[in-house]
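> Quick one: sequence plus predicted model below, questions after.
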Amino acid sequence: MSAADTKPAPASKSTKKDSVLLIDDEKPLLEVFSAALSPHFEVVTATSTREAEFILHKQAFKVVIADHLMPGGNGMSFLVRAREEYPLMQRILVTGYMKPEMLMRSVNEAALFRYLLKPVELGELIQVVQDAAKAHDASVASA
């Protein structure tokens, strides 16, 4: 094996990480999710839906992950609005509890990619977000 074989590949635009927006009012949970996703994605965090809306107007994201119940703004309502303005961005809802009929309505209204029930296993979170980013790319390619 030569020295050329062990050199890291030159950086290219394909090595740029996909952007993910993560919204949760619980800072410790936001930090844990962000730490889990950061090796795979460029993670931007917001602690409210209002802050998230401001961020969305400044930067494009492939995936947005929102907590359901937050003071000052419901994550589900935020995702419904995000669907209207950014239809190709994939939406994931994180919730501690929701009645099945309410969950089905929410999935349809926001066209969720997935919902995750708390406590969220970090391996599942990473896999779901990776799948959502691939679904975004497929949507863009077919648009």
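Received, thanks. These numbers come from a predicted model, not from an experiment.
> Return the set of buried residues in the longest helix seen in the chain.
Longest helix of the chain, by residue count under DSSP state H: helix 122-142. Taking 16 or more other Cβ atoms under 10 Å as the basis for neighbour counts, the residues of helix 122-142 that come out buried are 125, 126, 128, 129, 132, 133, 135, 136. Using the backbone N, CA and C atoms, a C-beta is placed for each residue, glycine as well.
> ok, now stretch 93-113?
Of the residues in stretch 93-113, those buried under the neighbour-count criterion (16+ other Cβ under 10 Å) are 93, 94, 95, 98, 103, 106, 107, 110, 112, 113.
> now, which of the residues you listed sits nearest residue 48?
Taking Cβ to Cβ as the measure, residue 48 sits nearest to residue 94 out of the buried residues of stretch 93-113, at 14.9 Å.
> if you look at the buried residues of stretch 93-113, which of them are in strands?
Among these, the ones falling in strands (DSSP state E) are 93, 94, 95.
> If we only consider the residues you listed, which is nearest to residue 40?
Distance from residue 40 was checked for each of those by Cβ to Cβ. The minimum falls on residue 94, at 17.2 Å.
> starting at the chain centroid, how far to stretch 18-37?
For stretch 18-37, the distance from its own C-alpha centre to the chain's C-alpha centre is 9 Å (Cα atoms, centre = their mean, to the nearest Å).
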